[in-house]
Every structure is written in structure tokens, then in C-alpha cells.
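S.K.: below: sequence and its predicted model.
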Amino acid sequence: RKFKIGVTVPGDNSLDIYTNDIGAVVITDSAGNLEGFNIMVGGGMGRTHNKENTFARAADHLGFVSKEDAMELMKCIVATQRDHGNRDVRANARMKYLVHT
């Protein structure tokens, strides 16, 4: 099943960060150096017509992760979906349903 990751910077409205399985907002210091990311998980706007167990959902804030730990966090989120996501029902095979439960 698809898995969407969005990355943006504060103030940029060209991407709806809350509609992705993982959303990352770049956080920099006053000199513009990367410090880390604010992470959101479990968003998605898709749903299946006439199936009430499918729904649109805005992502939840997970928290801040430093640049040194960002890749490991992404791996952990993807592994959580791999290990605990619903593989039996294709319509419910998204991160948003795992986070919602």
C-alpha cells in the first residue's frame, strides 16, 4: 500500500503536511542551520465510498526529533506500519488507521 512522506518548512503552504502518513517540518536555528524536524503521523484524506470504516484524518503531532535521530525515527515509524498495520483489509492499510486505533 502507498506510504506518503511530506517535508516542508515553516510558513510554506504549498504542501498540506497533515495529509501524509509522515509529515516533517524543517526546524532551523537563527543562522539557518538545520536543527531537526517537527514530526506528524497518521494523516490521509482518502476514503472508500459507502464504507464507514474508512475516513479522512489529519495527522497527529508526534514531536520534535533532532537531525541526528531523524532517519532512525523514520525507520521506526515505517517498521511500526509494517509490523502492526492492517494487511488483511486493503482499504484500511494506511498509517492513519493504525494511529487512530
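M.R.: That came through, no problem.
S.K.: so what's Tyr97 up against?
M.R.: Tyr97 sits next to 85-86 when contact means CB atoms under 8 Å, 6 or more residues apart in numbering. All C-beta spots, glycine's among them, are computed from the backbone N, C-alpha and C.
S.K.: Phe64 versus that one, what's the distance?
M.R.: Between Tyr97 and Phe64 the distance, using CB to CB, to the nearest Å, works out to 25 Å.
S.K.: next: Lys4.
M.R.: As judged by CB to CB, Lys4 and Phe64 stand 21 Å apart.
S.K.: am I right that Tyr97 sits in a helix?
M.R.: Yes - checked against DSSP: H, G, I helix; E, B strand; the rest coil, Tyr97 lies within a helix.
S.K.: how much space between it and Ala31?
M.R.: Distance of Tyr97 to Ala31, given as CB to CB: 41 Å.
S.K.: over to Ile39?
M.R.: Distance of Ile39 to Ala31, computed by CB to CB: 23 Å.
S.K.: look at these two and report which has more neighbours.
M.R.: The neighbour comparison of Ile39 against Ala31 (other CB atoms under 10 Å) goes to Ile39, with 20 against 5.
S.K.: skipping adjacent residues, who's closest to that one in space?
M.R.: Nearest residue to Ile39, sequence neighbours excluded (CB to CB, 6 or more residues apart in numbering): Leu62, at 4.4 Å.
S.K.: what does Asn53 give?
M.R.: Sequence neighbours aside, Asn92 is the residue nearest to Asn53 in space, at 6.6 Å (criterion: CB to CB, 6+ apart).
S.K.: count of residues packed around that neighbour?
M.R.: Neighbours around Asn92, by other CB under 10 Å: 19.
S.K.: and for stretch 63-78, what's in contact with it?
M.R.: The contact list for stretch 63-78 (CB under 8 Å, 6+ apart) reads 3, 5, 22, 24, 27, 34-39, 41, 95.
S.K.: stretch 80-95 now?
M.R.: Applying CB under 8 Å, 6+ apart, the contact partners of stretch 80-95 are 1-3, 21-22, 41-42, 44, 46, 48, 51, 53-54, 77, 97-98.
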